[in-house]
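Asker: What shape does this take:
(2 chains)
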Protein chains: 2
Amino acid sequence: MSDDTNHRWLLAKRVVGVPDDSSWTYDEAPVGEPGEGELLVKVLEVSLDPAMRGWMNEGRSYAPPVGIGEVMRAYAGGRVVKSNDPRYEVGDHVTSLLGVQEYAVVSGDAVAKVDLDVAPLQVHLSTLGMPGMTAYFGLLEVGKPVAGNTVVVSAAAGAVGSVVCQIAKLKECRVVGIAGGPEKCAHLAEELGIDAAIDYKSEDVAAALQRECPNGIDVFFDNVGGEILDAALTALALHARIVLCGGISQYNATGPMRGPANYLALIVFRASMTGILVSEWFARWPEAAREMAGWIAAGKLRPREHIVDGLERFPEVLRMLYTGENHGKLLLRVAEA
Amino acid sequence: MSDDTNHRWLLAKRVVGVPDDSSWTYDEAPVGEPGEGELLVKVLEVSLDPAMRGWMNEGRSYAPPVGIGEVMRAYAGGRVVKSNDPRYEVGDHVTSLLGVQEYAVVSGDAVAKVDLDVAPLQVHLSTLGMPGMTAYFGLLEVGKPVAGNTVVVSAAAGAVGSVVCQIAKLKECRVVGIAGGPEKCAHLAEELGIDAAIDYKSEDVAAALQRECPNGIDVFFDNVGGEILDAALTALALHARIVLCGGISQYNATGPMRGPANYLALIVFRASMTGILVSEWFARWPEAAREMAGWIAAGKLRPREHIVDGLERFPEVLRMLYTGENHGKLLLRVAEA
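Answerer: Below is the predicted model:
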């Protein structure tokens, strides 16, 4: 890869279902030149997130859709190689929406500087980045767990879920994680020390939740939707809080979306279901990151990334999210730090 | 009807779909004798409520199911005819779960005394009773409307919805009601003075909500579920509150329940959906009833009851709830006050 060429992945078309290789165009363009107040950032690691599927669709959402022919939007971390913003120096590491490409020109206002002395770049994209912040604020601000509560987490071995599980344990809750396959479940129980792990691929989730949550679910942190959300709704405790973080089971739906058929259980249990988006708490990210970095340093919170090398592999690596192949935060390494 | 015979409606069987006449047994039994601390109450007016459908089903809910062969559970108002509780005198009027029958023996602890000088008995079963309290606390405590908010109400001409509409107007909100048929819509717009009424039988509700709620829905008070809830989810404002009071479109479902397919809109709008049950605020009913009675006296809140005479007509009158034939709080008059 030459220093003056920028390889990048463009969205080729609107997609139905799981995005296949034809959804993308691999392209090269000259590396951009930063204008006043802008930076040129060499992208090192791209964060692959379930939310990206939504950005590919047309229509109103919390963020505008990625246009056809545009560089695919993605959070990423990189190193400043040119700076026209006095707040940043060449060699600084930053995170931002840098896109799925080798080089990004971005406004200095749109990036966050990260300190590699605190943690490696990959951790700034996982536990100290968007997924970790989502877990922290979603659980603590909306789930409001108190010691002794039962907290259930779906996609518990994922980037957000694994942090939710660990923070809930720190808050002295009974934590039940739902994940796919024995390996993920073993990781949850043995490495993260949660109280019970339910393998949705081999167990009846509704029955397992009844067994593992004898006093009902006080907080359900949902990343999945579909049958798992319906199962959780039947097992709530009075005044339960459902933190609605995502619905990955539905993101690639080709037929009608499936709503939670048991939603009237919210009345039975006087429960709430609240949608969250981590940008709500943007101003408080640094404060949370400091607390989380302290937990990491103390060995109370363990980041876990699943790093795959090679920008050219983006289409297949993105699909790992939807097949559940990743273990921990999925990152695509574009270049060595 | 003789003074020593108690006519009553018993649940005959578990029912699928809308309860037809074969769901019930019309029965007579001797009038009961109150024990220590109990009252004998002559039932005057029985409240017919959507929630009764749920009580007919087996299975865990917020209240145990009515047993086969048991008197159908219902809120009702009546007059004390014998009292073994010093707090109540013969001639007092009370409301309680008296059941669909002519005479009820109930504990003095389980009844609320009502003052017919404040309002007629029927109003104590409507605006000053369970439906009114549901509207008051659900809207104010969970919906938390502020002046200028857009409040949308489904089943807006019903017992709960019509009170929600009026309280929301008192709180200086823009109020949009959804109801079935031109007569109900005219009542809402002309008598209750709401800002817009949407006839779901003749209009596309999603399009009408977009038109009538240009700034989005801040509070959606839902009694209906189904397509109407799905339409509202697409038209929310940021940080909207959905007050989930009921789902009458689903209560008689014979197939799978229909969940809100658009529920992930809660994430897009960082919105919440919270189930309510009026018993949560039981201790505060008297306080709310005083405030509501003041609004009624000042002409700011108009009760509306739809009274049908004759205990023997119970099965057909109950069905009016599910066909939407009633205008205002549906009551079955068993005897003259």
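
Asker: pLDDT weak spots in chain A?
Answerer: Scanning chain A for pLDDT under 70 picks out A:1-3, A:60.

Asker: Close to chain B: what parts of it are there?
Answerer: Residues of chain A lying close to chain B (C-beta under 8 Å from any C-beta of the partner chain) are A:60-62, A:225, A:230, A:244-247, A:250, A:256-277, A:280. Using the backbone N, CA and C atoms, a C-beta is placed for each residue, glycine as well.

Asker: ok, 6 Å please
Answerer: Proximity of chain A to chain B, by C-beta under 6 Å from any C-beta of the partner chain, involves residues A:61-62, A:244, A:247, A:256-257, A:259-261, A:263-264, A:266-268, A:270-275, A:277, A:280.

Asker: Out of the residues you listed, which sit inside strands?
Answerer: The strands, defined by DSSP state E, take in A:244, A:272, A:273, A:274, A:275 from the residues of chain A next to chain B.

Asker: Quick check: the farthest pair among those?
Answerer: A:272 and A:275 (10.7 Å; C-beta to C-beta).

Asker: out of the two, which sits in the busier spot?
Answerer: Taking other C-beta atoms under 10 Å in any protein chain shown, residue A:272 and residue A:275 do not tie; residue A:275 has more neighbours (26 against 22).

Asker: ok, now which ones touch that one?
Answerer: By C-beta atoms under 6 Å, 6 or more residues apart in numbering or on different chains, residue A:275 lies in contact with A:244, B:266, B:267, B:270, B:271.

Asker: Which strand residues bridge it?
Answerer: As for beta bridges, residue A:275 partners with residue A:244 under DSSP bridges.

Asker: Phi and psi next, for the nearest residue to residue A:216 once chain neighbours are set aside.
Answerer: Leaving aside its chain neighbours, residue A:216 sits nearest to residue A:237 (2.9 Å; criterion: C-beta to C-beta, 6 or more residues apart in numbering or on different chains). Main-chain dihedrals, residue A:237, degrees, to the nearest 10: phi -90, psi 160.

Asker: Surely residue A:237 touches residue A:219?
Answerer: No. Contact status for residue A:237 versus residue A:219: not in contact, 9.2 Å apart, counting by C-beta atoms under 6 Å.

Asker: Residue A:245 and residue A:276: what is the separation?
Answerer: Per C-beta to C-beta, to the nearest Å, residue A:245 is found 6 Å from residue A:276.

Asker: Quick check on those two: which one has the bigger neighbour count.
Answerer: Legend: neighbour count by other C-beta under 10 Å for residue A:245 and residue A:276, higher for residue A:245 (31 against 23).

Asker: Can you give me the neighbour number for residue A:70?
Answerer: Other residues within reach of residue A:70 by the criterion other C-beta under 10 Å amount to 12.

Asker: check contacts around it.
Answerer: When contacts are counted by C-beta under 6 Å, 6+ apart, residue A:70 touches residue A:11.

Asker: What of the one 5 residues further on?
Answerer: With contacts defined as C-beta under 6 Å, 6+ apart, the neighbours of residue A:75 are A:47, A:97, A:130.

Asker: So which of these wins on neighbours?
Answerer: Taking other C-beta under 10 Å as the neighbour criterion, residue A:47 ranks highest of these with 26 neighbours.

Asker: Hmm, it is touching residue A:123, no?
Answerer: No. Look at residue A:47 against residue A:123 with C-beta under 6 Å: they stay out of range, at 11.6 Å.

Asker: now the contacts of residue A:75 as CSV including secondary structure?
Answerer: Compiled in CSV, these are given as follows (DSSP: H, G, I helix; E, B strand; the rest coil):
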residue, secondary structure
A:47, strand
A:97, coil
A:130, helix
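
Asker: list the contacts for the nearest residue to residue A:158 once chain neighbours are set aside?
Answerer: In this structure, residue A:158 finds its nearest non-sequential neighbour in residue A:223, 6.3 Å apart by C-beta to C-beta, 6+ apart. Residues in contact with residue A:223 (C-beta under 6 Å, 6+ apart) are A:154, A:155, A:161, A:245, A:246, A:248.

Asker: swap the cut-off to 7 Å and go again
Answerer: Counting by C-beta atoms under 7 Å, 6 or more residues apart in numbering or on different chains, residue A:223 touches A:154, A:155, A:158, A:160, A:161, A:245, A:246, A:248.

Asker: same thing with residue A:13?
Answerer: Residue A:13 sits next to A:23, A:68 when contact means C-beta under 7 Å, 6+ apart.

Asker: Then residue A:261?
Answerer: By C-beta under 7 Å, 6+ apart, the contact list for residue A:261 reads A:230, B:256, B:257, B:258, B:259.
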